[in-house]
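# missing the sequence, but the structure's below:
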């Protein structure tokens, strides 16, 4: 697991997309969309695993010991005591990663996936102007990411009260 995490966190996602789509084409035949989903998924799974690991490690060891002392089995103690606390700690990092993933989806245009940024580029060339299409593209990314950050803040506040 450590090798996987270090490999995917230690190399650029753009390079990973190139390797999946072009470099492994002779061995692993993926269409552009499948390579994009797989590449971004593998990359962000490595980052997410570290966020979750940090969340679990942030819960004091005494919490688990107390749950076990009360007669809970390890799985029940993890589910009812450790994981809810770990989730509260990990939530800001998870939210940040999901917003970053949304924005990093623009990178898949390099392997011929037509997504929002690629569509903006096509429109900008057609209308011979980059300002308006670029501004609209930025507004669309903001419109997609801002509600997610607001939702996460509300969830964090709710968890803090509870």
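All right, it came through fine. Note that the structure is predicted; figures quoted are calculated from it, not measured.
# kindly list the longest helix within this protein.
Longest helix in the chain, counting residues (DSSP state H): helix 131-161.
# quick one: buried residues of that helix?
Residues of helix 131-161 classed as buried: 133, 137, 141, 145, 152 (neighbour count, 16 or more other C-beta atoms under 10 Å). To be clear about C-beta, it is placed using only N, CA and C from the backbone, and glycine gets the same treatment.
# and those, which is closest to residue 101?
Closest approach between those and residue 101, by C-beta to C-beta: residue 145, at 10.0 Å.
# these two touch, right, the closest one and residue 101?
No: counting by C-beta atoms under 8 Å, residue 145 does not reach residue 101; the two are 10.0 Å apart.
# ok now the helix or strand hosting residue 87, how far from the chain's centre?
Assigned by DSSP states H and E, residue 87 belongs to helix 83-104. In terms of C-alpha atoms, centre = their mean, to the nearest Å, the centre of helix 83-104 is set 8 Å apart from its chain centre.
# equivalent analysis for stretch 99-107, please.
8 Å.
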